[in-house]
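>>> after the sequence you'll find the predicted model.
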Amino acid sequence: MIYTITFNPALDYIVRVKDFKIGSVNRTSYEEIYPGGKGINVSIVLNNLGVNNRALGYVAGFTGREIERRVSEFGCETDFIKLNEGMSRINVKLKSGEESEINGMGPDINNEALNALYEKLDKLKDEDILVLAGSIPNTLPKDIYENIMERLQSHKVKFIVDATGDLLLNVLKYKPFLIKPNHNELADLFKVEIKSEEEIIYYAKKLREMGAENVLISMAGDGAIFVTSRGEVLKTRVPKGILKNSVGAGDSMVAGFIAGYLNNFTLEDGFKMGVATGSASAFSDGLATKEKVEELLKEII
């Protein structure tokens, strides 16, 4: 079974304003509401690709109920922990001449709620996949990813981690099955400026030396580089298309990798499917669909 965790999910309220003016009344020309959060995005895309999974995390208040309802509407299985106080976030994404965001705080997560999550995770079995993606709210311990991975070491769970900075570096000792920084995040990890594919490969291999089994580096419109657990380096360009949406493309790449890998249990299939799925979301108004992924998969070389 595949599990995702979204510690601080949100309702993403996406609006377009033709010419936004500060201090004035502005009227939208487009608006939509989606359930948001990196783990939730992974779950939705996995479901779109026909891969069963279960979305874990925390929800609270009327916004939390709406998040759960909308995730279920996408056909996903959910097992969220419901908090008694506060409300889940609303994130406003304003698209005008420039794109701006206002992100909410989210509810407090106490020790009782944290223990409830641990109880669910303790039921994971050998070869289950657990996706840890995104930042963590300030009400949780900063080492929560480490605590989870250490707790489940004896379960032989495959961990996929999509995080940045110390949150990622500190879990490498637990040998995650896959990590997926983008090229900018890779540079930040090592506090360097990266100017070439050769340097990307060099630092990706450093992450493998530090513990990661497989390292997938996304490079936006320049494609992706994959350093496998066998030490092989795979590269590909992205398919041709018009960028419509950057939100969720990285999460879609993670979902696509999982779907491709599980199809034939080959890393190469995971890499190709990951790139096609990330591109499918980037070229769509919403998250990747199976039809769009299959169309783009033919272009991955």
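All right, it came through fine. Numbering: from 1, shown residues only.

>>> confidence score at Ser135?
pLDDT for Ser135: 84.

>>> same check on Ile217?
Value listed for Ile217 in the pLDDT field: 96.

>>> so that it lines up with my notes, have the first residue be 34 from now on.
Done: numbering now begins at 34, and the last item shifts to Ile250.

>>> what's across from the nearest residue to it once chain neighbours are set aside in the sheet?
Once flanking residues are discounted, Ile250 sits nearest to Ile258: 4.6 Å by C-beta to C-beta, 6 or more residues apart in numbering. The way it works is simple: take the backbone N, C-alpha and C, and place the C-beta from them, glycine included. Applying DSSP bridges to Ile258 yields these beta-bridge partners: Ile250, Lys268.

>>> number of nearby residues for Ile258?
Ile258 is flanked by 21 other residues according to other C-beta atoms under 10 Å.

>>> ditto for His188
Neighbours of His188 (other C-beta under 10 Å): 15.

>>> picking up where we left off before, which residues touch the residue nearest to Ile250?
Contact partners of Ile258, counting by C-beta atoms under 8 Å, 6 or more residues apart in numbering, are 230, 233-234, 237, 249-250, 252, 266-268.

>>> what do you get if the cut-off is 10 Å, keeping everything else the same?
By C-beta atoms under 10 Å, 6 or more residues apart in numbering, the residues touching Ile258 are 216, 219, 230, 233-234, 237, 248-252, 266-269, 304.

>>> partners of the helix or strand of the chain at the bottom of the mean pLDDT ranking in the sheet?
Within the chain, no helix or strand scores below strand 132-135, which has a mean of 89 by mean pLDDT, DSSP states H and E. Partners of strand 132-135 in the sheet, by DSSP bridges, are strand 122-128 (antiparallel).

>>> can you give me the buried ones in the partner strand?
122-124, 126-128 (16 or more other C-beta atoms under 10 Å).

>>> likewise stretch 90-107?
Per 16+ other C-beta under 10 Å, stretch 90-107 contains these buried residues: 90-94, 96-97, 99-101, 103-104, 107.
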